[in-house]
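Engineer: attaching a predicted model along with its sequence, questions to come.
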Amino acid sequence: LTRGPLCRISQGIMEGKVLQAPLVCPGHSRGVVQVSYTDTPDGLFLISACLDSKPMIRRGETGDWVGTFEGHKGAVWSAKLNPPGLRAATGSADFSAKLGG
């Protein structure tokens, strides 16, 4: 798991209502095929499965990058966090499944 820079989220107010723009989080070099999340006592966390073989974890409220899992040699088609957000499971086109945390 490597750690890195932050991404930004935009918010605005219109007619007394708070509008929130979609999270735009750069970092993957190829298409994202799945995003899953888990709600923990420390907040909401997202994990993305991507064709670049490097699943990424982000804070759900802000999109801030927490880290990247490395080790797959093919596209990652599935990524999931367990309910407490302490472990991640990924499945890849390299015929492997990995547990991290």
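Structural biologist: Noted; the coordinates are in hand.
Engineer: element containing the closest residue to residue 33 other than its chain neighbours, please.
Structural biologist: Excluding its sequence neighbours, the residue lying closest to residue 33 (C-beta to C-beta, 6 or more residues apart in numbering) is residue 49, at 5.3 Å. All C-beta atoms are positioned from the backbone trio N, CA, C, and that covers glycine. Element membership for residue 49 (DSSP states H and E) is strand 43-50.
Engineer: which residues touch the helix or strand just after that strand?
Structural biologist: Per DSSP H and E, strand 43-50 leads on to strand 56-59 as the next helix or strand towards the C-terminus. Strand 56-59 has contacts (C-beta atoms under 8 Å, 6 or more residues apart in numbering) with 1, 7, 23, 25, 27-28, 43-48, 50, 64-69, 81, 88.
Engineer: pLDDT on strand 56-59, on average?
Structural biologist: Taken as a whole, strand 56-59 has a mean pLDDT of 92.
Engineer: below-threshold pLDDT in the chain: ranges please.
Structural biologist: Applying pLDDT under 70 to the chain flags residues 1-21, 23, 101.
Engineer: how many neighbours does residue 76 have?
Structural biologist: 28 (other C-beta atoms under 10 Å).
Engineer: report the beta-bridge partners for it.
Structural biologist: Using DSSP bridges, the bridge partners assigned to residue 76 are residue 92.
Engineer: surely it and residue 35 touch.
Structural biologist: No: Residue 76 is beyond contact range of residue 35, at 11.8 Å (criterion: C-beta atoms under 8 Å).
Engineer: joint contacts of the two?
Structural biologist: Joint contacts of residue 76 and residue 35 (C-beta under 8 Å, 6+ apart) are residue 49.
Engineer: skipping adjacent residues, who's closest to residue 66 in space?
Structural biologist: Leaving out its chain neighbours, the residue that sits closest to residue 66 by C-beta to C-beta, 6+ apart is residue 57, at 4.3 Å.
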